[in-house]
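Kindly return the folded structure for what I paste below:
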Amino acid sequence: MRIWVQVFSSRSRNPDYHAALEQHLRSVVEPGVEVDVHGTRKGGLGEQFRIFQAIDTPDIIESILECKRAKGTQKYDAFVSLNSTDPALYEAREILDIPVLGFLETSTLVACMMGRSFSLVTPNPKFALSFGQKLKLYGLTERLASIEAMNFPHLAAFRQAFTDAAAHQRLMDEFDSAVKRAVDAGAEVIIPCGSHAVLQARRGVREIEGALIMDGLAVLLKMAETAVKVQGIMGTFVSRKLLYQRPDEAILERARNDYGIEF
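Next comes the predicted model:
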């Protein structure tokens, strides 16, 4: 089984994050499952800003198409988006014939099985807005206890926690404070959102004040493995009625001519 894992950040901009992420993901998948992590060219500057999301999203679209074009022994069995606001998730499901899973949608749906309510912990208040809008789209706001923001307005400083002990401790302290606020708001499950999710997973703390601290990265990869198996049983993993209706061959052929893109 081969899983394409897509992140928003650039490997060259955030090498420590990519290294930690790959190590963790490969530690949680079943033996024989290949995890292939792909970044963007420039991403990682400040994904809380819509303008940077828009600039970097074309790289995500190109990755989706590259994943689709992979053939033979290089073919992928699932596409996983680790970008915590699920950019281009619907677009990927339209065009790919393999299971497509996003971090936010998957982790929050699983959280609904783990507890009555959940909270998200985000890097900063600006980021929190995007999460709230996505959860409304997913129809999950009734299960949301709160979205708690830490105080990391600049993601470059946020990622120093991967290499600097003082920055790492500050992040953990901010996270613990955010979790306590979430528990006071009624959360039973806590989902770390953003690149700090891998640091929380490696930290190994699974409970704070009785609330479960989810390893959303592990959940996402295990759900991807399961989705591949379900597709093997059912023949498909996605409905092609309306939302994820796939462009027919006539439209794709026209798109090849008009856009010069091989689908």
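
in a strand, that's where residue 4 is, yeah?
Yes. The assignment for residue 4 by DSSP: H, G, I helix; E, B strand; the rest coil puts it in a strand.

and it, what is it in contact with?
36, 38, 63, 67, 76, 78, 79, 80 (C-beta atoms under 8 Å, 6 or more residues apart in numbering). Where you see a C-beta, it was placed from the backbone N, CA and C, and this is true even at glycine.

same thing with residue 183?
With contact taken as C-beta under 8 Å, 6+ apart, residue 183 is in contact with 208, 209, 210, 211.

quick one on the thing from earlier: nearest to residue 231 among the contacts of residue 4?
residue 78 (8.5 Å; C-beta to C-beta).

Residue 232 versus residue 57, what's the distance?
31 Å (C-beta to C-beta, to the nearest Å).

I misspoke; the intended subject was residue 88.
Relative to residue 232, and taking C-beta to C-beta, residue 88 is found at 25 Å.

coming back round to it: quick one: which of residue 57 and residue 232 has more around it?
Neighbours were counted for residue 57 and for residue 232 using other C-beta atoms under 10 Å; residue 57 has more, 17 against 10.

Relative to residue 122, how far out is the more buried one?
Using C-beta to C-beta, residue 57 is found at 19 Å from residue 122.

Please parse this protein into its domains.
Domain assignment for the chain by automatic domain parsing gives 2-103+218-259, 105-216.

now the last one: how far from the chain's centre is it?
Its chain's C-alpha centre lies 13 Å from the corresponding centre of domain 105-216 when counted by C-alpha atoms, centre = their mean, to the nearest Å.

Can you tell me the element the nearest residue to residue 263 once chain neighbours are set aside falls in?
The shortest distance from residue 263 to any non-neighbouring residue, by C-beta to C-beta, 6 or more residues apart in numbering, is to residue 252 (4.9 Å). Residue 252 is part of helix 249-259, with elements assigned from DSSP states H and E.

What are the contacting residues of that helix?
Against helix 249-259 from outside (C-beta under 8 Å, 6+ apart): 247, 261, 262, 263.

Using a markdown table, please lay out the residues you listed together with neighbour count and pLDDT.
Putting the contacts of helix 249-259 into a markdown table (neighbours: other C-beta atoms under 10 Å; pLDDT from 0 to 100) gives the following:
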| residue | neighbour count | pLDDT |
| --- | --- | --- |
| 247 | 13 | 93 |
| 261 | 12 | 86 |
| 262 | 10 | 84 |
| 263 | 14 | 81 |
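
Among the contacts of residue 4, which are located in helices?
Using DSSP state H, the members of the contacts of residue 4 that fall in helices are 63, 67.

for the contacts of residue 4, which one is nearest residue 13?
Distances from residue 13 to those, taken by C-beta to C-beta, are shortest for residue 38, at 14.0 Å.

Show the contacting residues for the closest one.
Applying C-beta under 8 Å, 6+ apart to residue 38 gives the contacts 4, 5, 6, 7, 63.

now, the most widely separated pair of these?
4 and 7 (10.9 Å).

Please name the nearest non-neighbouring residue to residue 59.
residue 40 (3.9 Å).

helix/strand/coil for the one you found?
Going by three-state DSSP: residue 40 is coil.

Which stretches in the stretch 101-250 of the chain count as strands?
118-122, 144-149, 189-192, 207-208, 211-213 (DSSP state E, counting those that start in this stretch).

how about low-confidence regions in the stretch 1-150 of the chain?
Scanning the stretch 1-150 of the chain with the threshold set as pLDDT under 70 gives 44-46.

Swap in 90 and give it another go.
For the stretch 1-150 of the chain, the stretches with pLDDT under 90 are 8-14, 41-56, 126-127.

Narrow the contacts of residue 183 to just the buried residues.
208, 211 (16 or more other C-beta atoms under 10 Å).

quick one: the helices in the stretch 51-200 of the chain?
Taking DSSP state H, counting those that start in this stretch as the test, the helices found in the stretch 51-200 of the chain are 89-95, 103-114, 125-138, 155-158, 165-184, 196-203.
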